[in-house]
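Peer 1: Got a predicted model here, sequence first, then my questions.
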Amino acid sequence: MRKFIPAVLTLSAFLVGCSNQPGAVQSQVLHRATGSWDGKPYTHYPDGQPVLSLVKVSIPPNTTLDWHCHQALNLGYLKEGELEVETRGGKRTTLTAGNTLAELVGEVHRGRTTRQAATVMVFHAANEELAFSTPQDQCPGQRPPADGPLDILLDDIEHRLASAESVALHKWDKAQPVQDNKRELQILNDVRNNAWRYQLPAERAAAFFADQIEAHKMMQYSLLNRWHSQGRSPDTPRRDLQQELRPELDALQARLLQHLASLPSDTGSACNQRLASSINERGLSPLMKQAMVRATGQLCDQH
């Protein structure tokens with residue numbers, strides 16, 4: 001029987017002898033954190049049997065994730081694309097490819113892609129009982145998800161107002177005024193013309209959307225004033241007004257009309273009390289809360 005061992009050894013020695021010496025090993029710490037991206041310190045690892053996971057999350061373009069929280073520690077690396085992260089309280093950050101992020105613990109938040117898909121590699125340090133992500137209704141100490149017509153409508157209003165920063169950044173860069181009479185007239189005419197599809201009086205729909213426009217502008221003015229005081233705007237990736245933001249706002253228009261039509265037909269103090277309570281429970285930033293109050297100013301006046 002022929003033996004091949006010497007030949008294998010000779011070939012191995014030949015390859016080793018001809019190879020170049022490897023260069024020096026290099027290491028780079030991409031992210032080291034003792035707290036989440038909003039500055040809140042981490043306090044402890046979860047009790048129980050440690051479980052480490054590396055999770056690849058692929059998010060399609062123009063996608064808004066559901067509200068959720070993490071009950072363990074997560075460190076994310078955005079491999080490709082762009083991702084905006086926002087909290088219920090109005091805190092916001094934006095990631096581009098190559099950025100890292102120490103995730104929030106226990107605070108409800110969500111991510112949103114723009115016209116690019118995003119791929120996130122997430123290192124998850126937990127135990128056997130904790131999931132990678134927890135839906136909002138199961139997050140400790142958080143309010144349940146929208147389960148009634150009013151909360152659903154408020155979610156859409158909040159979503160629309162959240163775009164004010166991106167619109168304001170566009171106007172800052174282009175030195176454009178916040179007031180755009182032509183655009184406002186176009187929106188209100190479109191709302192009046194389509195109100196019948198949702199069995200809404202045209203003037204009620206128009207009055208509601210006039211409030212949305214004013215609240216959105218209020219946020220823009222406040223943000224621009226802040227940036228002028230600071231002498232600069234945030235270093236946040238810009239979103240295209242025509243290709244991204246306006247199509248998103250147009251899609252929200254139909255949802256807002258649909259959910260407005262679903263509101264119970266009550267008015268007066270009981271309606272106002274329920275509305276105030278729902279807004280207060282959201283834990284919004286002062287600016288977002290003021291804008292929500294402005295956007296809902298006529299909800300209980302007429303049905």
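Peer 2: Cool, the structure landed.
Peer 1: Check the gap between the residue nearest to residue 97 when sequence neighbours are not counted and residue 235 for me.
Peer 2: Spatially, and ignoring its direct neighbours in sequence, residue 97 is nearest to residue 80 (5.0 Å; C-beta to C-beta, 6 or more residues apart in numbering). C-beta here means a position set from N, CA and C on the backbone, and glycine is covered the same way. As for residue 80, its distance to residue 235 is 20 Å (criterion: C-beta to C-beta, to the nearest Å).
Peer 1: Neighbour count for these two, which is higher?
Peer 2: Taking neighbours as other C-beta atoms under 10 Å, residue 80 and residue 235 compare with residue 80 leading, 13 against 6.
Peer 1: Would you state the helices of this structure in chain order?
Peer 2: 5-18, 149-162, 164-174, 181-194, 202-230, 246-261, 268-280, 286-295 (DSSP state H).
Peer 1: Which one of the ones you listed lies nearest to residue 117?
Peer 2: helix 246-261 (16.2 Å; C-beta to C-beta).
Peer 1: Residues in contact with the closest one: which ones?
Peer 2: The contact list for helix 246-261, computed with C-beta atoms under 8 Å, 6 or more residues apart in numbering, reads 62, 149, 152-153, 156-157, 159-160, 163, 187, 190-191, 194-195, 197-200, 205, 208-209, 212.
Peer 1: cool, stretch 189-206 as well?
Peer 2: Taking C-beta under 8 Å, 6+ apart as the rule, stretch 189-206 contacts 188, 209, 253, 254, 257, 258, 260, 261, 302, 303.
Peer 1: Using PDB, list the CA coordinates for that stretch.
Peer 2: Coordinates of the C-alpha atoms in stretch 189-206 are reproduced here as PDB (Å, rounded to 0.1, in the frame of the first residue of the first chain):
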ATOM      1  CA  ASN A 189     -57.800  71.300  -0.900                       C
ATOM      2  CA  ASP A 190     -56.800  67.600  -1.200                       C
ATOM      3  CA  VAL A 191     -58.200  66.900   2.200                       C
ATOM      4  CA  ARG A 192     -61.500  68.600   1.400                       C
ATOM      5  CA  ASN A 193     -61.800  66.700  -1.900                       C
ATOM      6  CA  ASN A 194     -61.100  63.300  -0.200                       C
ATOM      7  CA  ALA A 195     -63.000  63.700   3.100                       C
ATOM      8  CA  TRP A 196     -66.100  62.100   1.600                       C
ATOM      9  CA  ARG A 197     -64.200  58.800   1.200                       C
ATOM     10  CA  TYR A 198     -64.000  58.600   5.000                       C
ATOM     11  CA  GLN A 199     -67.600  59.900   5.600                       C
ATOM     12  CA  LEU A 200     -66.100  63.100   7.100                       C
ATOM     13  CA  PRO A 201     -67.500  66.600   6.600                       C
ATOM     14  CA  ALA A 202     -65.100  68.500   4.300                       C
ATOM     15  CA  GLU A 203     -64.700  71.400   6.700                       C
ATOM     16  CA  ARG A 204     -64.000  69.200   9.700                       C
ATOM     17  CA  ALA A 205     -61.300  67.400   7.900                       C
ATOM     18  CA  ALA A 206     -59.800  70.600   6.700                       C
END
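Peer 1: Where does pLDDT dip in this protein?
Peer 2: Of all residues in the chain, those with pLDDT under 70 make up the ranges 1-22, 141-147, 267, 302-303.
Peer 1: same thing but at 50, please
Peer 2: 1-16, 145 (pLDDT under 50).
Peer 1: Please parse it into its domains.
Peer 2: 50-136, 149-295 (automatic domain parsing).
Peer 1: export the ones you listed to CSV and tack on distance to residue 33?
Peer 2: Converted to CSV, the domains of the chain look like this (distance: least, C-beta to C-beta, whole Å):
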stretch, distance to residue 33
domain 50-136, 4
domain 149-295, 19
